[in-house]
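Q: Pasting the sequence and the predicted coordinates here, then a few questions.
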Amino acid sequence: QQQVKQSPQSLIVQKGGISIINCAYENTAFDYFPWYQQFPGKGPALLIAIRPDVSEKKEGRFTISFNKSAKQFSLHIMDSQPGDSATYFCAASTRNQGGKLIFGQGTELSVKP
Amino acid sequence: DSGVTQTPKHLITATGQRVTLRCSPRSGDLSVYWYQQSLDQGLQFLIQYYNGEERAKGNILERFSAQQFPDLHSELNLSSLELGDSALYFCASSERGLAGETYEQYFGPGTRLTVT
């Protein structure tokens, strides 16, 4: 019940296209859902996050869509750029467990010029 | 730059040895989290400290321990090292409040541990 399942494992998108990464969870106590971006040799960097009281959050080219009833959330990267090529992780946490993050398995995104 | 610092950047040691990884949180952050990243296990939560006290524990081995000092920096101690302990170890910090509300976690650059 603690798992967060992420798909796809890898994704290739053309420059200017839309990248979509999906995550699903089981624990209905999760109340915070961040996305992290990680470049090789670097630590994960917080990209955008959402709480379950909203269905969508947009920051620049990055949008989180959240479906509470389906227990799913997704990251959309609009106008994808080669500089977006990185590994993306979804995560979830609950205040009842100290805020520890449960991570998905990661998606390796490659944006082709 | 997240504001979280970790030292050393790389560590190469032999099986059976003990190492200490150090983390300094962002200024003002009271919570420190440790995570392990490996190819087979992904990113896994190890342990959390809040203002010097242990708050949550994940799948942390008994050979591993941590502490947070009065100046809020934290150390992760790994002993009796095995080949399987080779991984990236990340520290993250947040300003998480006493009421349990969740704040954003900011990750450091990590320490790459190689056990030979």
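A: Good, I have the coordinates. These numbers were taken from a predicted model, which means no experiment stands behind them. Numbering: from 1, shown residues only, chains lettered A, B, ... in the order given.

Q: Could you tell me the model confidence score at residue 106?
A: In the absence of a named chain, this looks at chain A. For residue A:106, the pLDDT comes out at 96.

Q: Oops, wrong one, chain B.
A: Value listed for residue B:106 in the pLDDT field: 95.

Q: What is the burial count for the residue lying closest to it once chain neighbours are set aside?
A: Leaving aside its sequence neighbours, residue B:106 sits nearest to residue B:2 (CB to CB, 6 or more residues apart in numbering or on different chains; 4.2 Å). Any C-beta I mention is one placed from the backbone N, CA and C, and that applies to glycine too. Residues lying near residue B:2 (other CB atoms under 10 Å in any protein chain shown) number 18.

Q: State the helix or strand in which residue B:2 lies.
A: Here residue B:2 is covered by no helix or strand, with elements defined by DSSP states H and E.

Q: and residue B:109, how many residues sit next to it?
A: The burial count assigned to residue B:109 is 18, neighbours taken as other CB under 10 Å.

Q: Which residue comes closest to it once chain neighbours are left out?
A: If you skip the residues right next to it in sequence, residue B:109 has residue A:43 as its closest partner in space, 4.9 Å away by CB to CB, 6+ apart.

Q: Could I get the full set of strands for the chain?
A: Just so you know, I chose chain A. With DSSP state E as the criterion, chain A has strands at A:4-7, A:10-14, A:19-25, A:33-38, A:45-50, A:56-59, A:62-67, A:72-77, A:86-92, A:102-103, A:107-112.

Q: try again with chain B
A: B:5-7, B:10-13, B:19-24, B:31-38, B:42-50, B:53-57, B:64-68, B:74-78, B:87-94, B:106-107, B:111-115.
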